[in-house]
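> Here's my sequence, what's the structure:
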Amino acid sequence: MKVSKALSSVSRRDLFKLTGQFGLSSVLLGAGALTGGVTLSSLAKAAESSYQKRFGKEPKHTLKLGASGFNARNLLIERAGVLEFARDLEERTDGEIRIEFIGDNQICGQLSCVEKTQLGVVQAYAASTQNSAGGAPYLNILDYAYMFPSRAAQYYFLYSPASQKVLRDPLEKRHGLKFLFSHCELRGIQLGQSFADKPVVTKLEELFGTKNRVTGTQLGRIAMQLLNLNPVPVAWEETLDGLKQGLIDGAETWASAVAYANMSPVVSQSVDLKFFCGTEHTSMSAKVFDGLEGHLQDAVMESSYLAQVHVQAANEAALVKTVGFSDPQLPNTIFVRDNVKPAFLSDDQIKMAEQMCSPEFNPEPWAQWRDRLNKWSGGLDTYKEIYDVAREIPADMLPENVEPRRWWRSA
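This is a model prediction of the structure:
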């Protein structure tokens with residue numbers, strides 16, 4: 001029995017009661033073991049059994065994982081891999097590590113999880129790298145415009161040993177964070193109700209002059225300014241109201257974020273601009289990681305690898321089958337239900353945008369941040385290093401066909 005089916009068979013109120021009694025991880029592990037028809041009673045028994053198993057012995061380490069706004073339901077829409085990581089790590093270490101999953105913004109949000117991890121309030125977190133860039137500015141390294149031509153290129157980079165050198169090691173050294181794994185999408189403009197009665201966007205110029213929410217990323221703002229998209233800093237938690245009230249025309253984010261955050265009722269078009277990263281990542285405190293015994297460190301890395309492989313396959317499927325981010329769209333998807341129209345721009349329009357705003361064609365606006373990031377990296381040309389790796393695979397490779405690799409091992 002899939003966890004998704006088990007969870008959909010009980011009410012939200014009953015699910016909250018069970019998670020309050022046994023903890024979210026125990027409920028999820030119990031649900032995954034069920035077969036046949038699922039009832040509240042059977043789920044409660046399974047959760048209790050899972051709880052007794054997990055808490056049958058004292059763990060050596062209990063890690064709080066602040067999962068920003070995520071919960072068991074919306075992680076079945078945007079497949080960020082957080083719960084798969086937690087489940088696998090507990091099982092892999094036979095309970096030596098116990099994960100306390102704290103989502104729904106109960107302990108930290110998209111903008112604050114990184115700082116709570118650095119302060120030791122939580123030991124690991126899940127949030128977008130763009131929102132986390134406020135507390136860990138080196139994460140801006142992922143946000144050069146059009147550095148990644150596809151989701152496949154994003155996954156390929158994260159699996160590459162080059163990501164250890166360019167991204168992970170400098171992030172750990174400068175900000176004390178160990179980058180574990182990430183979901184991969186490319187950001188576009190999610191237009192609000194002012195575009196509901198307009199034809200689907202086909203030309204870049206149709207977006208010029210609109211006012212759009214921007215995340216915590218400094219480099220993302222550069223790209224938006226160069227594309228005449230008028231970036232307005234709005235907290236993720238306030239974006240829904242901003243779109244609903246017409247305070248902004250749109251928001252720069254990615255398709256599954258619209259769906260998981262219940263933003264689709266106020267979004268009319270999802271424009272696939274693909275102009276920089278949308279990476280919902282999971283990191284942990286490097287200090288905490290270094291304090292683990294060697295075999296537990298190995299377990300964290302292997303569980304991260306498993307989560308990365310899971311995300312690569314599951315999110316690609318969910319984009320089409322759950323979110324409805326495809327052309328044609330499948331019936332019974334979130335975007336079809338809420339009448340969100342995907343707008344996939346032609347190659348010539350994407351090229352136009354790239355020529356307007358990417359460091360490859362318009363380097364000057366990026367020079368200050370590029371120099372800063374290069375120094376933080378220890379002298380690497382951060383943009384060129386990632387740009388070149390991202391183009392080692394064919395441009396038309398499907399994301400699900402990228403070969404997984406253990407990035408921390410040498411090539």
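
> how about low-confidence regions in the protein?
Counting by pLDDT under 70, the ranges of the chain that qualify are 1-9, 28-29, 32-38, 410-411.

> show me where the stretch 101-250 of the chain has helices.
Secondary structure of the stretch 101-250 of the chain (DSSP state H, counting those that start in this stretch): helices at 113-119, 129-132, 151-159, 161-163, 169-175, 218-226, 236-244.

> Adding distance to residue 254, write the ones you listed out as TSV.
The way it works is simple: take the backbone N, C-alpha and C, and place the C-beta from them, glycine included. Listed next are the helices of the stretch 101-250 of the chain as TSV, based on distance: least, C-beta to C-beta, whole Å:
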stretch	distance to residue 254
helix 113-119	18
helix 129-132	10
helix 151-159	10
helix 161-163	20
helix 169-175	21
helix 218-226	12
helix 236-244	12
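
> tell me the most buried of these?
helix 129-132 (a mean of 27; mean count of other C-beta atoms under 10 Å).

> of all the helices of the stretch 101-250 of the chain, which lies closest to residue 96?
When the helices of the stretch 101-250 of the chain are compared by C-beta to C-beta, helix 113-119 sits nearest residue 96, at 21.0 Å.

> ok, and what's touching that closest one?
With C-beta atoms under 8 Å, 6 or more residues apart in numbering as the test, helix 113-119 has contacts from 66-68, 107-108, 122-127, 132, 134-136, 175-177, 283-285.

> and what of stretch 229-246?
With contacts defined as C-beta under 8 Å, 6+ apart, stretch 229-246 is touched by 69, 105, 109-111, 131, 189-190, 192-194, 207-216, 220-221, 224-225, 247-248, 250-253, 261-263, 266-267.

> how far away is the residue most central in space within the chain from residue 409?
In the chain, the C-alpha closest to the average C-alpha coordinate belongs to residue 280, at a distance of 1.5 Å (C-alpha atoms, centre = their mean). For residue 280, the distance to residue 409 under the criterion C-beta to C-beta, to the nearest Å works out to 25 Å.

> How about residue 368?
Taking C-beta to C-beta, one finds residue 368 at 35 Å from residue 409.

> now swap in residue 370 and tell me
Distance of residue 370 to residue 409, given as C-beta to C-beta: 29 Å.

> More neighbours: which of the two?
Between residue 370 and residue 409, counted using other C-beta atoms under 10 Å, the more crowded position is residue 370 (20 against 9).

> Double-check the more buried one against residue 383; I have them as touching.
Yes - applying C-beta atoms under 8 Å, one finds residue 370 in contact with residue 383, separated by 5.8 Å.

> Overlap in contacts, these two.
By C-beta under 8 Å, 6+ apart, the residues touching both residue 370 and residue 383 are 144, 359.

> what about residue 348, neighbour count?
9.

> And residue 144, by the same measure?
Residue 144: 28 surrounding residues under other C-beta under 10 Å.

> Just list the residues touching it, thanks.
Counting by C-beta under 8 Å, 6+ apart, residue 144 touches 219, 276, 358-359, 366, 370, 382-383, 386-387.

> ok, now residue 385?
Here residue 385 is in contact with 162, 165-166 (C-beta under 8 Å, 6+ apart).

> How about residue 154?
Counting by C-beta under 8 Å, 6+ apart, residue 154 has contacts 148, 184, 186, 277, 279, 390, 399.

> How many residues are close by the fourth one?
Other residues near residue 277 number 29, with proximity taken as other C-beta under 10 Å.

> How about it: which residues does it bridge to?
Counting by DSSP bridges, residue 277 is bridged to residue 186.

> Among the contacts of residue 154, which ones are in strands?
Using DSSP state E, 186, 277 are the members of the contacts of residue 154 that sit in strands.

> Please tabulate the contacts of residue 154 in JSON lines, including the columns distance to residue 231.
Shown next, in JSON lines, are these (distance: C-beta to C-beta, whole Å):
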{"residue": "148", "distance to residue 231": "20"}
{"residue": "184", "distance to residue 231": "22"}
{"residue": "186", "distance to residue 231": "17"}
{"residue": "277", "distance to residue 231": "16"}
{"residue": "279", "distance to residue 231": "18"}
{"residue": "390", "distance to residue 231": "24"}
{"residue": "399", "distance to residue 231": "27"}
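
> Looking at neighbours, which among the contacts of residue 154 is most surrounded?
In these, the most neighbours by other C-beta under 10 Å go to residue 277, 29 neighbours.

> who's in contact with that residue?
Shown in contact with residue 277 (C-beta under 8 Å, 6+ apart): 129-130, 142-143, 147-148, 154, 184, 186-187.

> just to revisit the earlier point, let's see which of the contacts of residue 144 end up in strands.
Among these, no member falls in strands (DSSP E).

> mind checking the SS state of the residue of the chain most remote from its centre?
Within the chain, the residue lying farthest from the chain centre (C-alpha atoms, centre = their mean) is residue 41, at 33.7 Å. Following DSSP: H, G, I helix; E, B strand; the rest coil, residue 41 is assigned to helix.

> where exactly do the strands run in the protein?
Assigned by DSSP E, the chain shows strands spanning 61-66, 97-102, 124-128, 177-182, 185-186, 188-191, 212-214, 231-233, 250-253, 269-271, 277-278, 280-285, 341-343.

> so which of those gets nearest residue 78?
Distance to residue 78, taken as C-beta to C-beta, is lowest for strand 280-285 among the strands of the chain, at 6.4 Å.
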